[in-house]
Structures are given as C-alpha cells and as structure tokens.
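# next come a sequence and a model predicted from it.
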Amino acid sequence: MTETNRHVDVGGAAPYRIHIGPGLLDDGTLLAETLRGRHALIVSDSHVAPLYAGRVQSALQTARPDLCLACHVLPVGEAEKTLTRFAEVIDALASLGATRDACVYALGGGVVGDLAGFAAACWMRGIDCVQLPTTLLAMVDSSVGGKTAVDIPHGKNLVGAFHPPRAVLADTTTLRTLPARELRAGLAEVIKYGAIRDAAFLDWLTDHADALLAGESDALAEAIARSCAHKAEITERDPLERGERALLNFGHTFAHAIEAEQGYGQGLNHGEAVAVGMVLAARLSARLGLAAWADAEALRTLLLRFGLPVALPAGLTPDALLARMRLDKKAQADGLRFILWDGPGLAHVVTGVEEAAVLAVLGDAG
Ligand SMILES: O=C(O)C(=O)C[C@@H](O)[C@H](O)[C@H](O)COP(=O)(O)O
Ligand SMILES: [Zn+2]
C-alpha cells in the first residue's frame, strides 16, 4: 500500500498544521509555505544534518531562490541541550542577519527541536519556527505544543519558553533508519497518550505491537496521527499548562529526576525514563488508592512488551531522586504535584503528595 499524507490541525490563538507523511523534507513548497521573510536558519545535529540538511536546503532554495539560508549543526545528544549551545544558535542568527520575519527550521529529534525552538522564541523576542522532527519521539511529542527549553545542571528543561511552531512537517521516511532504541523511546510517549486519555488506544497499541516495533509505516503513521491528535486537543485548550496540559507530564516527575541524576545522555534516554516514570507513577497511584494494582501491573507489562525499561536503573538513591523532584516545574509551595493515574485512559493532577509515599515507591522500584 502507498503511504498517504495525513494532517492534524492545532487550533487556538496561534494555529498551525502538523503534516505527517513520506517525502515532506523534499517538498520545497510545503517547507516554504509559512515563510514570511528572506532569512532562514536550519538547525540540526551532527547525526541528522549529513542525512537530511542538504535536501531541506536545496528544496527550500528551489522554492525560494531569494532566500538567505544558513545551516547550524550542533553536536548530537541530550548533553548538548545547554545554554552554551543555545548561545551558539543565537550567534548563528546574528551572523545571518536574521530579521524579525526570519524562520528557524528545527531539523532533528527532541534536543534539536527544544533548543532551536528556544532560540527562535528568544531571537528578537520571537521569530517563526518550523519543526522538522526526524525521530518518533519528536513527531509524537516534542515538536508539537510549543514547549521549548534547555537543560541546566539543576534539572531538565528548567530554562525555556512556550513558543508554538508555525508548522510541523513529520517526514515518516526518516523513521526507516531510526535506531530501534530511539523507536522504542518514542513509543513510550505514544503509550502515555493511551494511559492518560484513551484506553481504546492502549488496546490498539497492544494489537499492533509487532507492526510498530518492526517499523511498519502504516502502523507508525496511525500511531503518530492519533498521538498528535491527542496532543493538539490538549495544547490548543491549555497552551501554557495552566491546567489539563499537565497531564502530558504523566511519568515525567520521576523521569526528569532519573535523567538529571544519571547525567543527561549518560543513562536512560528521555522515552526510556518516561517508561520507568509511568510505572512508578502508576504504583504511587495504586499505593494512594487511586488505581488498581492490577492496572499498574498491566501498564508495566505493556511497556515491557515494547522493550522498554520498567525498573529504576542501579545506583540511584530514593533520597537523591526526591531532591531532584523538589525542583520539578509542577512542584509548588505546598509540595510535590504528581500526575496520578485512575486506570487506563484516566489521569489527574494531585497536589501535596506525601514524600513518604514517593520514597516508598522508589524504595520498591529497583
Ligand atoms: O508538552 C507537554 O506539555 C509535555 O509535558 C510533554 C512531555 O512529554 C515533554 O517531555 C515535555 O518537554 C516535558 O515538559 P516539562 O515542562 O516537564 O519540562
Ligand atoms: Zn516527555
């Protein structure tokens, strides 16, 4: 069967379209559709740029021969999502002479999308950003919704801004060469949507696990479109995370603490940490009497089925993780806030969670 293009529209004050399909990185007309000015900067990393940056560059240049276009390549990896690398992108925009109607094209995975998006949010107080995600995780999650950020040693994504993209072009052919570990990491965020708001999607994922893990294009395109539809619905109603958007953080309080404690890019990747985090959040929910233990165990089994880690990596202490969690962006003066689980498809925000309960779950999680 030939792959067809799909799209998901995100409404609200700054609407945009998520395009999903093969060959989009070569579609100069689509790439240039939202361009307003004469300057554009492609930001990519040292793994992705050699594969796709030249293609994007020539497609854009053909569609817009007058375009003043440059490419800035970051070293690959979560460890590079720093203020230092951010400043380098800002320098690249300055060297290009980017005016306020310029556009940043973020070509890569979540790190590139977050960092390039943050540079776009800050340059001249905000220029356009088109997200060109090349990993499953970036397609289903980080390229959508406008969260941009860098990490600092104190914690993940602690410096950032909300800056919605002008468009998202998810070229599904890029998934054909994605390493299996990266594919599974993206599937963790896909499972998250089922866990927090769509029990039927969890069943669909169970039925299509083999196809998804084998990288079958129809199954992946369906998973991407359904995930983006969930994210679009939530983020258009709550773009600034004043309320329901926090549900997208299911598993993340634990995950961010794990990532920071292990050292960015040194241990579990983000999707893997989210998988462990969802197991811990489900167990915390069961301990607090919100979810059934059997449901928490079923979620763990599903994550295992997708080859994801479900236990805390060795060497992390509950106290150190808890200290990290106190700096979580959801935490408030009255204590820790968690996204807790009421069973398949249902989650809610809980304030003032007792630290003793969190420590107990962490203590059992090795
Ligand atoms: O878009 C959101 O909102 C999310 O929470 C999605 C998360 O999967 C994503 O990892 C996000 O970057 C986490 O945001 P943070 O505000 O907790 O740093
Ligand atoms: Zn995430």
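Okay, I see it. Numbers count the residues shown, from 1 in each chain. Ligands and ions are numbered 1, 2, ... in the order given.

# buried stuff in stretch 261-269?
Within stretch 261-269, the residues that count as buried by 16 or more other CB atoms under 10 Å are 261, 264-265, 267-269. Every C-beta, even on glycine, is put in place using the N, C-alpha and C of the backbone.

# could I get these as TSV with secondary structure, distance to ligand 1 and pLDDT?
Converted to TSV, the buried residues of stretch 261-269 look like this (DSSP: H, G, I helix; E, B strand; the rest coil; distance: CB to the nearest ligand atom, whole Å; pLDDT from 0 to 100):
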residue	secondary structure	distance to ligand 1	pLDDT
Glu261	helix	16	94
Tyr264	coil	13	86
Gly265	coil	15	84
Gly267	coil	16	95
Leu268	coil	13	97
Asn269	coil	11	96
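
# in a markdown table: the residues you listed, plus distance to Pro179.
Output for the buried residues of stretch 261-269, formatted as a markdown table (distance: CB to CB, whole Å):
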| residue | distance to Pro179 |
| --- | --- |
| Glu261 | 24 |
| Tyr264 | 18 |
| Gly265 | 14 |
| Gly267 | 17 |
| Leu268 | 15 |
| Asn269 | 10 |
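
# quick check, nearest of those to Val353?
Distance to Val353, by CB to CB, is smallest for Glu261 among the buried residues of stretch 261-269, at 19.1 Å.

# for Lys147, see how far away that closest one is.
Look at Glu261 and Lys147: by CB to CB, to the nearest Å, they are 22 Å apart.

# what does Arg337 give?
Distance of Arg337 to Lys147, given as CB to CB: 17 Å.

# the two: who's more crowded?
Legend: neighbour count by other CB atoms under 10 Å for Arg337 and Lys147, higher for Lys147 (23 against 20).

# list the residues that contact the more buried one.
Listed by CB atoms under 8 Å, 6 or more residues apart in numbering, the contact set of Lys147 reads 114, 157, 160, 162.

# so what's Leu35 up against?
Going by CB under 8 Å, 6+ apart, the list of residues near Leu35 reads 64, 67, 103, 128.

# and it, what pLDDT?
Here the pLDDT value assigned to Leu35 is 97.

# what sits against Val274?
Counting by CB under 8 Å, 6+ apart, Val274 makes contact with 188-189, 192, 251-252, 255.

# all strands for this structure, in order.
Shown for the chain, the strands assigned by DSSP state E span residues 6-10, 16-21, 39-45, 68-74, 103-108, 128-133, 147-152, 155-162, 167-171, 336-343, 346-353.

# nearest to Leu284, out of those strands?
strand 336-343 (6.5 Å).

# give the buried residues for the closest one.
For strand 336-343, burial by neighbour count (16+ other CB under 10 Å) applies to 336-341, 343.

# using TSV, lay out those residues together with distance to Ala365 and pLDDT.
Conversion of these to TSV gives the following (distance: CB to CB, whole Å; pLDDT from 0 to 100):
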residue	distance to Ala365	pLDDT
Leu336	16	89
Arg337	20	91
Phe338	15	94
Ile339	17	97
Leu340	16	96
Trp341	16	97
Gly343	20	97
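
# between those, which is nearest Ala199?
Nearest to Ala199 among the buried residues of strand 336-343 is Gly343, at 8.0 Å by CB to CB.

# the closest one reaches Ala294, doesn't it?
No - applying CB atoms under 8 Å as the test, Gly343 and Ala294 come out as separate, 9.3 Å apart.

# and the residue of the stretch 201-350 of the chain found nearest ligand 1, how many neighbours?
Residue of the stretch 201-350 of the chain nearest ligand 1, by CB to the nearest ligand atom: Leu248 (3.6 Å). Applying other CB under 10 Å, we find 24 residues neighbouring Leu248.

# so who does the nearest residue to it once chain neighbours are set aside touch?
Nearest non-adjacent residue to Leu248, counting by CB to CB, 6 or more residues apart in numbering: Ile234, 6.3 Å away. Ile234 makes contacts with 145, 244-245, 247-248, as judged by CB under 8 Å, 6+ apart.

# dump these into a markdown table; add pLDDT as well.
Output for the contacts of Ile234, formatted as a markdown table (pLDDT from 0 to 100):
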| residue | pLDDT |
| --- | --- |
| Gly145 | 98 |
| Glu244 | 96 |
| Arg245 | 97 |
| Leu247 | 97 |
| Leu248 | 98 |
